[in-house]
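> Test case, fold it:
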Amino acid sequence: METAAISYRVADFLKRHPPFNAIDDADLLELAARGRVRFYEPNQYILWQGEPHRLQLFVIQQGTVSLWDEAGDDTARLRDVRGAGDMLGIERYNGAASCLCSVRSESDVVVYAFPEADFDTCVMKYPSAAQYVAAEGRVTADYQPTGERRPPQRTFLHDLVGAHEPETGPPEMSIREAARQMLATSSDALGVLDAAKSTCGVLTVDTLLQWLAHGEGDVHQSVGRILTRPPAVVAPDTSVADAVLTMERARVSALAITSSGTAETRLQAIVTAADLGRLFGEQPSAILRGVRTAASTVQLRALNRRARAFTLEYLNDAAAVDWLARLAYAVDVAIVTRVLELARLEHDAICWCVSGAAGRAESLPAVAPQVVAISHEADESGTAIARFTRVVDLLLECDYLPELDKAYAPAFYIASVDEWRARYRGWIQDPVRQQMYKARTLFDLRPIHGDRSLWTTVESAITADVDRDFVHVLANDCLASLPPLTFYQDAVIDRVGERHTTFELGLSALQPLVDVGRVFGIAGGHALGRSTLERFEIARALLPEDEAIFREAANALKVVLWQQGRVGIAQGTPGAELPPALLSRHDRQLLKGGFRAILRLIEFTGDRGWIDRL
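Have a look, this model is predicted:
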C-alpha cells in the first residue's frame, strides 16, 4: 500500500512536466512503479562525458545540475543548467553513442531513475513525447502540444470541401442563365468549362458585382466575356493556409480544385473565401479586401488589429510561422499601398519598398514597416521628403508600433536611384569606414509599389559590386552576436554563466539568424528581396554537404519568430525582449535546441573555408 502511494506521488509529479503530461495515467503509473529514487550531494557527478549510456534515464525531482563539456582541452565549458522536471540521458534517442556532457550536482539533488526499456514502452510510443525528446538534440519546428486543434497548414482542401459536384456551365451561357443557376442552387461560385471540360474560369458573386459596377447591362452576353483573368487552380492536397495565400496573390474570391492542380483536368470542387471563413471564423480575404477599400487610417487601424488578432489565434506552433508571416506581409503591403493612395502618392514616379523585417516578410508583431523610396531623380525642393514623412506618420495612425532603433534619419530613406547605387557601392567597397553595419537591414529591400525597374537597377548594381572580400566581412561581423546558453528557472543564462531576467530574443537569437541568412543570400547572388528562410535554402543549394546546418537554422528561425510573434502581439510590443517566465517548459526546450543550432551556424559562417569552396 505504501509503495502504491509513492507511485502515485511520482506519477503526479511527472504529470506536471512535458513530455509526461501527454501520457495516459495507466502508462504513467506503470513507469512510476518501476522507477527508483537517487540522492546526490552538491558537487557530485551524476553522469560522465563519454561514458556509455546508463540503463536508466533520469528526471530531476528537485535541485540544480550543471552540464559541462570537458573534452578537447583543460578548460571545461558550461553547456546547460537544469532543474526540477528536466531529463538527463535522453541524447541517446538522437543518435549519441555515449553521454555528451558531464552532469554535476550544484545543490542537494533528487532524481528519479527509470529503466530505458520501460521509458520506451510507456513514453516513447506517444508521438508528442517522442517529438519533445527529439528537441533535446536538435531544433524542430514541427512540435505541437497535445490537445491542439488541427492547424491550417495541416488541414487540406479535400477535407474541407463537400463531396457534391460543383455547379458548372459553358462559356456560351448567358449571364442571366448563370445568375439564375447560382440562385437556384444557392451557390456562391460557378465553374465555367469549355468543350474539353477544362476550367476556363470561375464566376462568383464578386465577378457579377464588378460587371454591374462597370456599367455593363446586357444580361444576354456570355459569361466568357466577363471572365477577364485565368482561374486560380489548386490541387486537392493544397493546405488551407496555402489556399488563403493563393487567393491573396491572385486577388480572387474562389479557387478551382482539380485532380492535378491544373485547369486541363477535371474540376472536382470550388472553394470560396466564405468556405474558408467558416473554418477560421475570421476571413483573411475579407480583411485584405477591407484594407484595399478603406477610406481612412481609422479603418486601417481596425483592420490591422483584426489581422494581428487572427495571426495570434493561429500562431500555435513554429510550423505556423511560414504561412502566417506571408499573410502578415500581405497585410502590411496592402496597408502601405492604401496609405500611399490616401496620400495621393500612388502615381508618383517612385518605387516604394520596405526593408528590415517587413522586407524579409518576417514581421508578425505590428511594428511599422520601414518604408524606403527610390525616385528617378533627386528632389532639391524637399517636397519628396515631406511626402515621405507624411506616409510614415499615416502608418503610425494605422496602429503600428514605431521602429525605435532606426539607423538613419527619416529623410535618408528617400533618394534617387543614382544616390542609392552610390550608397550601396560605398557600403560594399569600404564597409568599415562607410559603417556598413548600420545599413544591414537595407540589404533586405523589397519593392511593393510603383516603378519596380528602379529597384531592379539598384539590385543589379549591388550584384555587380559584391565580391568575396565583402562576403567575408559580413560573415565575420556575425561573430559579434552569440545566443544564450540555456534557461534556468525564470532566468536566461549567457555563455559565461551569468543570469539575466530578460531574454533579449531579438538581439541574441533573431539577429544572428537574420545576419547569417543575409550573408548566404548575398553570396548566392540574391542580395535583395529574400526572406531569411529563402536565404537558408540558397545556402543549402550552394553548400549541399552542409545542408543540415542550414536546415536546423531554418527550424530555429521559425521557433524564434513564433515566440516573438505570440509574445509581441499579445503584449502589444515588438517582441524583442521578454521575461523567461512567459515561456513554457516545452518552449524553452525548443529554444535551447535553437541556441545550439544558432551557435553551430555562427561558427560555420565565421570560418572562411566555405567562401573558398564557392
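> Helix or strand for G201, just tell me which one.
Secondary structure assignment for G201, by DSSP states H and E: strand 199-204.
> Need the residues that contact that strand.
169, 171, 178, 182, 188-194, 223-224, 226-227, 229-233, 252-256, 258, 263, 267, 270, 272 (CB atoms under 8 Å, 6 or more residues apart in numbering). For glycine as for every other residue, the C-beta is placed from the backbone atoms N, C-alpha and C.
> can you list the weak-confidence ranges in the stretch 301-450 of the chain?
347-348, 380-381, 405 (pLDDT under 70).
> Helices of that one, start to end?
Along the stretch 301-450 of the chain, counting by DSSP state H, counting those that start in this stretch, helices occupy 321-342, 356-359, 383-396, 417-429.
> Could you identify which of those is most buried?
A comparison of the helices of the stretch 301-450 of the chain by mean neighbour count, using mean count of other CB atoms under 10 Å, puts helix 356-359 on top with a mean of 26.
> quick one: that one to chain centroid distance?
13 Å (CA atoms, centre = their mean, to the nearest Å).
> can I get the CA coordinates of that helix in PDB?
Provided in PDB are the C-alpha atoms of helix 356-359 (Å, rounded to 0.1, in the frame of the first residue of the first chain):
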ATOM      1  CA  GLY A 356      14.200  45.100 -42.400                       C
ATOM      2  CA  ALA A 357      11.700  42.600 -41.000                       C
ATOM      3  CA  ALA A 358       9.000  43.700 -43.400                       C
ATOM      4  CA  GLY A 359      11.400  43.400 -46.400                       C
END
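> Is F39 in a helix, a strand, or coil?
strand (DSSP: H, G, I helix; E, B strand; the rest coil).
> ok, and what's touching whichever strand or helix holds F119?
Assigned by DSSP H and E, F119 belongs to helix 116-122. Outside helix 116-122, the residues that touch it by CB under 8 Å, 6+ apart are 23, 27-28, 30-31, 34, 53, 55-57, 92.
> How about the contacts made by the spatially most central residue of the chain?
Centroid-nearest residue in the chain: V321, 3.0 Å away (criterion: CA atoms, centre = their mean). The contact partners of V321, by CB under 8 Å, 6+ apart, come to 141, 315, 364, 558, 561-562, 565.
> Tabulate those residues in a markdown table, adding columns for neighbour count and secondary structure.
Shown next, in a markdown table, are the contacts of V321 (neighbours: other CB atoms under 10 Å; DSSP: H, G, I helix; E, B strand; the rest coil):
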| residue | neighbour count | secondary structure |
| --- | --- | --- |
| A141 | 21 | coil |
| L315 | 23 | coil |
| L364 | 26 | coil |
| K558 | 26 | helix |
| L561 | 31 | helix |
| W562 | 24 | helix |
| G565 | 25 | helix |
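> Return the closest of those residues with respect to E377.
Distance to E377, by CB to CB, is smallest for L364 among the contacts of V321, at 36.8 Å.
> Distance check, the nearest residue to that closest one once chain neighbours are set aside against A286.
Leaving aside its chain neighbours, L364 sits nearest to G565 (3.2 Å; criterion: CB to CB, 6 or more residues apart in numbering). G565 sits 22 Å away from A286, going by CB to CB, to the nearest Å.
> Please apply the same query to T168.
For T168, the distance to A286 - CB to CB - is 26 Å.
> Reduced to three states, what does F470 come out as?
helix.
> Report the contact partners of it.
Here F470 is in contact with 428-429, 431, 522 (CB under 8 Å, 6+ apart).
> distance of S355 from S102?
In this view, S355 and S102 are 46 Å apart by CB to CB.
> just to revisit the earlier point, show me what contacts the residue nearest to L364?
Applying CB under 8 Å, 6+ apart to G565 gives the contacts 311-312, 315, 321, 324-325, 364-365, 575.
> Among the residues you listed, which one sits closest to V333?
So of the contacts of G565, ranked by how close each gets to V333 (CB to CB), first place is A325, at 12.6 Å.
> can you tell me which of the helices of the stretch 301-450 of the chain comes nearest to V111?
It's helix 321-342; of those, that one is closest to V111 (CB to CB) at 35.4 Å.
> hmm, back to that, distance to T502 for the helices of the stretch 301-450 of the chain - can I get that in CSV?
Shown next, in CSV, are those (distance: least, CB to CB, whole Å):
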stretch, distance to T502
helix 321-342, 23
helix 356-359, 20
helix 383-396, 26
helix 417-429, 32
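> Sticking with the nearest residue to P365 once chain neighbours are set aside, tell me its helix or strand.
Counting by CB to CB, 6+ apart, the nearest residue to P365 once its immediate chain neighbours are dropped is G568, at 3.2 Å. Assigned by DSSP H and E, G568 falls within helix 547-571.
> quick one: that helix to chain centroid distance?
For helix 547-571, the distance to the chain centre is 6 Å (CA atoms, centre = their mean).
> That one: what's the following helix or strand?
Counting by DSSP H and E, what follows helix 547-571 is helix 585-606.
> After that following helix, which helix or strand is next?
helix 609-612.
> Going by neighbour count, which residues of that next one are buried?
In terms of neighbour count (16 or more other CB atoms under 10 Å), helix 609-612 has its buried residues at W610.
> Averaged pLDDT, it. What do you get?
Mean per-residue pLDDT for helix 609-612: 88.
> Render the CA-only coordinates of that helix in PDB, please.
This file holds the C-alpha atoms of helix 609-612, laid out as PDB (Å, rounded to 0.1, in the frame of the first residue of the first chain):
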ATOM      1  CA  GLY A 609      36.700  27.900 -45.700                       C
ATOM      2  CA  TRP A 610      33.100  27.800 -47.100                       C
ATOM      3  CA  ILE A 611      33.700  31.000 -49.100                       C
ATOM      4  CA  ASP A 612      36.800  29.400 -50.700                       C
END
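> residues in contact with it?
Taking CB under 8 Å, 6+ apart as the rule, helix 609-612 contacts 468, 471-472, 475, 523, 543, 546, 604.
> from the residues you listed, which is closest to L513?
Using CB to CB, F604 comes nearest to L513 of these, at 12.8 Å.
> quick one: the nearest residue to the closest one once chain neighbours are set aside and L88, what's the gap?
Nearest residue to F604 in three dimensions, chain neighbours excluded: I549, at 5.5 Å (CB to CB, 6+ apart). Distance, I549 to L88, using CB to CB: 26 Å.
> do G201 as well
Distance from G201 to L88, by CB to CB: 62 Å.
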